[in-house]
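Novice: With the input below, show me the fold.
(one chain, ligands or ions: 1)
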Amino acid sequence: MNLDVNAMGLRIYPDPILKTKAEAFSLPLPENMEAVGQKMLDIMNEHQGIGLAGPQAGLSLRVIVFDLSEDRNEPHILINPEIVYASKDKVKEEEGCLSFPEIHGYVIRHEKVKVTGYNVKGEAVEYEGEGLMAAMFQHEIDHLDGIAFVDRLGTTGKMKAKNMLEALRESYAG
Ligand SMILES: [Zn+2]
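Specialist: As a prediction, this is how the structure comes out:
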C-alpha cells in the first residue's frame, strides 16, 4: 500500500479533518511511509513549526513529526504515538498551531510524558519529554483525536481567539 504524497498539504481551521479522529496504522506500514513522513516534515519546516500531526497534512492517520532542535536537523517521525505516562505536575505555556495561523494562547499540559509508537521501519520506539517536548507531544497527539489547542484554552483565551477564529471561518475556501 502507498499513500498519496502529492495530495498532502497544510490544512487550516475549520477544515473538518481537524475535528476527525485519525485512524491507527496497521503493520506492515505503507511502503512509502518515509516519504509521507518527509512530506510532513517539509510542510512543518516550510511554516516554521516544531511539530505536525497527520490530519494537519490532510492525512487522517495517526502519525506525528517533530523537530525541536535549534538547527532543525533532528527530525522525528512517530507512528501510532501513545502517551503511556503523564506526570501529575502540570505547566501552563503559550501555544500556537500551524492550522490556526496567528492565534496563540495559554494551555495547561502535563509537565512530563512518556510516549511510545513506531518509527518508519515499524520498530517500537519510546520517547520521554518534558517542558516544550512534553507539550508538543500532547498538542500533536490531541490532533489525532480531533482536538485542537484552542479547545483547551481557558475562558479568557477563548474570548481572545474568538474573532480570529471567525475570520478564519470566513476566509475558509473549503
Ligand atoms: Zn497544532
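Novice: Give me the pLDDT for the nearest residue to residue 23 once chain neighbours are set aside.
Specialist: The spatial neighbour of residue 23 that comes closest, neighbours along the chain excluded (Cβ to Cβ, 6 or more residues apart in numbering), is residue 61 at 5.7 Å. No exception for glycine: its C-beta is placed from N, CA and C like everyone else's. With respect to pLDDT, residue 61 has a value of 98.
Novice: is it true that residue 61 touches residue 20?
Specialist: No - counting by Cβ atoms under 8 Å, residue 61 does not reach residue 20; the two are 10.7 Å apart.
Novice: okay, these two: which has more neighbours?
Specialist: The residue with more neighbours, out of residue 61 and residue 20, is residue 61; 18 against 13, by other Cβ atoms under 10 Å.
Novice: Who are the contact partners of that one?
Specialist: Residue 61 is in contact with 3, 22, 23, 24, 25, 54, counting by Cβ atoms under 8 Å, 6 or more residues apart in numbering.
Novice: For this structure, which segments count as helices?
Specialist: For the chain, applying DSSP state H gives helices covering 33-46, 132-144, 155-171.
Novice: do you know how far the nearest residue to residue 59 once chain neighbours are set aside is from residue 43?
Specialist: The spatially closest residue to residue 59, leaving aside those adjacent along the chain, is residue 8, at 6.3 Å (Cβ to Cβ, 6+ apart). Separation of residue 8 from residue 43 (Cβ to Cβ, to the nearest Å): 7 Å.
Novice: for residue 153, same thing?
Specialist: 24 Å.
Novice: Residue 85 too?
Specialist: Taken as Cβ to Cβ, the span from residue 85 to residue 43 is 29 Å.
Novice: which one of those two has more residues nearby?
Specialist: residue 43 (20 against 11).
Novice: show me where pLDDT drops low in this structure?
Specialist: Within the chain, no range satisfies pLDDT under 70.
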